Structure formats: C-alpha cells, structure tokens
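>>> Give me coordinates for this.
(one chain, ligands or ions: 1)
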Amino acid sequence: MNILFLADVFGVPGRRAVEEHLTTLRERYDADLAIVNGENAADGAGADVVTLGNHTYRRSGIAPYLAVSERVIRPANSGAEAPGRGLAVVEARNGVRVAVLNVLGQLFLPTPVSPWEMIDELVDEARAAAPVVIVDFHAEATSEKVALATWLDGRVTAVIGTHTHIQTNDARILPGGTAAISDAGMTGPHDSVIGVKSELAIARMRMRLPVRFEPAEGDVRLEGVLVTCTETGRAEEIELVRVPA
Ligand SMILES: [Fe+2]
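Here you go, the predicted structure:
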C-alpha cells in the first residue's frame with residue numbers, strides 16, 4: 001500500500017498548492033492515505049491526517065479545535081496540559097488501519113518533554129491500534145532525526161523528518177524495515193529562504209532588526225515522500241515527491 005506524505009505546507013501559496021493538487025497527486029501515486037504536515041497552514045484540504053509542529057499554539061483559536069479534532073494532531077510531547085493529541089488512528093482507502101504520530105525534537109527547539117522519554121510508550125500505543133505506524137518527527141537537527149529513526153527501526157513503518165523545509169537526500173529503508181528521511185522538504189514557495197521572502201529573511205539576519213516575515217510567492221512546489229509498505233507495516237520503498245505546482 002502507498003502512503004503519501006506532504007511536508008511543511010507553508011503560507012497561502014503552499015495551502016493553495018495542496019488544495020489544487022492533492023487530489024491529482026493521490027491518483028498519480030495511487031495513495032491509500034495522505035498525510036500533510038500543516039504547521040504553517042491553517043488546514044490540509046483533502047488530507048486524511050494533518051500533523052503540526054513547534055508553531056502549533058501560535059495560532060489563536062487552535063486550542064479548542066485541537067481538543068476535539070481526531071485527525072489534526074499536534075506533537076505528542078507538547079506537555080501534559082496541552083490541548084489536543086499526538087496520535088491519530090485512521091482507516092486507509094484499502095481498509096488497513098494506520099496510526100500517525102507527531103513528535104517534536106529537543107535539539108534547538110523549546111520542547112516541553114524529551115522525545116526519548118515518551119516515544120517507546122507512544123509507539124507501543126500506536127502498534128496496539130494499527131499495523132502501519134507513521135512518525136512525523138518535527139525536528140531541527142539531522143543527528144537527532146537519524147538517531148530516532150534508528151532507535152525505532154523495525155517498530156514503525158516510517159520516520160519522516162519535517163521542520164527544516166529542506167528536502168534531504170537520505171531517503172532509505174533501514175535494516176529492520178523502517179523507511180526514513182531526515183527531512184521531507186516544504187510544500188510552498190521555494191524562491192525564498194525556507195518559504196519567507198528572501199530579502200526579509202536576509203535583512204533580519206544581517207541587521208538583526210525585528211523584520212516582519214512574509215511568505216514568498218515564486219517557484220511553488222509540493223514536496224514530501226511516498227512510502228510503500230506491506231499491510232503488516234513493513235516499509236518496502238521510500239520515494240521523494242517533488243513536483244511543481
Ligand atoms: Fe517547525
């Protein structure tokens with residue numbers, strides 16, 4: 001079965017690209033399930049599950065929404081009092097149950113709970129609920145992403161890195177049958193500094209001024225991965241998705 005994952009939908013251009021192209025992409029990749037990381041976009045139209053990230057609670061009004069939503073999940077290690085949940089269990093088109101987990105890295109991010117303290121229990125819970133388990137690891141450092149994927153090898157179907165907006169060239173199947181990539185990229189404007197208008201991002205870095213960021217517009221691409229796995233959750237292939245909008 002095929003699972004399509006679109007990475008970090010950024011701004012209005014990214015959201016529009018998902019709205020316009022996700023249905024076609026699902027057909028092209030014969031996807032049984034579509035997951036979208038939408039931390040920088042309000043919704044993921046046409047996705048079965050939307051995962052979030054470190055910006056989850058920046059948007060006003062999201063807390064009551066997350067408290068009741070079963071398909072929009074925030075990082076599981078957001079702290080005991082944070083509204084929402086970090087695990088979604090859904091049925092794919094082919095009838096197979098799929099668990100999706102969202103977890104934050106702790107390197108260079110203000111993460112409330114270490115992922116290492118909670119990941120084993122969370123994975124056990126996911127595996128009890130579904131044979132196919134997809135982990136969206138929203139983290140800054142490639143070292144931490146490689147470490148978590150290696151730690152989970154053989155216990156989950158895929159560990160897909162998000163957050164940096166730069167698609168990495170390390171998509172692979174680990175020895176235990178887990179698909180992994182350090183970062184699946186960005187669905188949004190690539191003529192930019194990770195989605196932001198280049199001149200604004202550069203001005204903030206050069207002059208240390210509190211420049212207000214705005215999303216760029218040019219070279220919109222949909223990026224992510226396609227994971228092919230057995231119905232028992234063993235990954236067989238991971239392919240880069242990188243298509244112009
Ligand atoms: Fe992020």
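>>> From the centre of this protein, point out the most distant residue.
Met207 (31.9 Å; CA atoms, centre = their mean).
>>> how many other residues sit next to Glu217?
14 (other CB atoms under 10 Å). Placement of C-beta: from N, CA and C, glycine included.
>>> Who does the most centrally placed residue in the chain form a beta bridge with?
Nearest to the geometric centre of the chain sits Asn37, at 3.9 Å (CA atoms, centre = their mean). In this entry, Asn37 is beta-bridged to Thr51, by DSSP bridges.
>>> Would you mind measuring from it to the ion?
8 Å (CB to the ion, to the nearest Å).
>>> what's the helix or strand for the nearest residue to Gln167 once chain neighbours are set aside?
Among residues not flanking Gln167 along the chain, Gly185 sits closest, at 3.1 Å (CB to CB, 6 or more residues apart in numbering). Using DSSP states H and E, Gly185 falls within no helix or strand.
>>> and stretch 122-138, is it in reach of the ion?
No. For stretch 122-138, no contact with the ion is found by CB under 5 Å from the ion; the gap never falls below 5.6 Å.
>>> Tell me where the model's unsure across this protein.
42-44 (pLDDT under 70).
>>> now with 90?
39-46, 55-65, 67-70, 209-210, 245 (pLDDT under 90).
>>> Which secondary structure elements does the lengthiest helix in it sit against?
Looking across the chain with DSSP state H, the single longest helix is helix 11-28. On a contact count with 3 or more CB pairs under 8 Å, 6 or more residues apart in numbering; DSSP states H and E, helix 11-28 meets strand 2-6, strand 33-37, strand 188-189, strand 220-229, strand 235-244.
>>> picking that back up, dump the residue contacts of the residue nearest to the centre of the chain.
By CB atoms under 8 Å, 6 or more residues apart in numbering, the contact list for Asn37 reads 5-9, 50-53, 136, 138, 162, 184.
>>> Put together CSV for those residues, with distance to Leu107 and neighbour count on each row.
Below are the contacts of Asn37 laid out as CSV (distance: CB to CB, whole Å; neighbours: other CB atoms under 10 Å):
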residue, distance to Leu107, neighbour count
Phe5, 22, 29
Leu6, 24, 30
Ala7, 19, 32
Asp8, 18, 30
Val9, 23, 31
Val50, 24, 28
Thr51, 19, 33
Leu52, 19, 27
Gly53, 14, 22
Asp136, 16, 31
His138, 12, 30
Thr162, 14, 28
Ala184, 18, 29
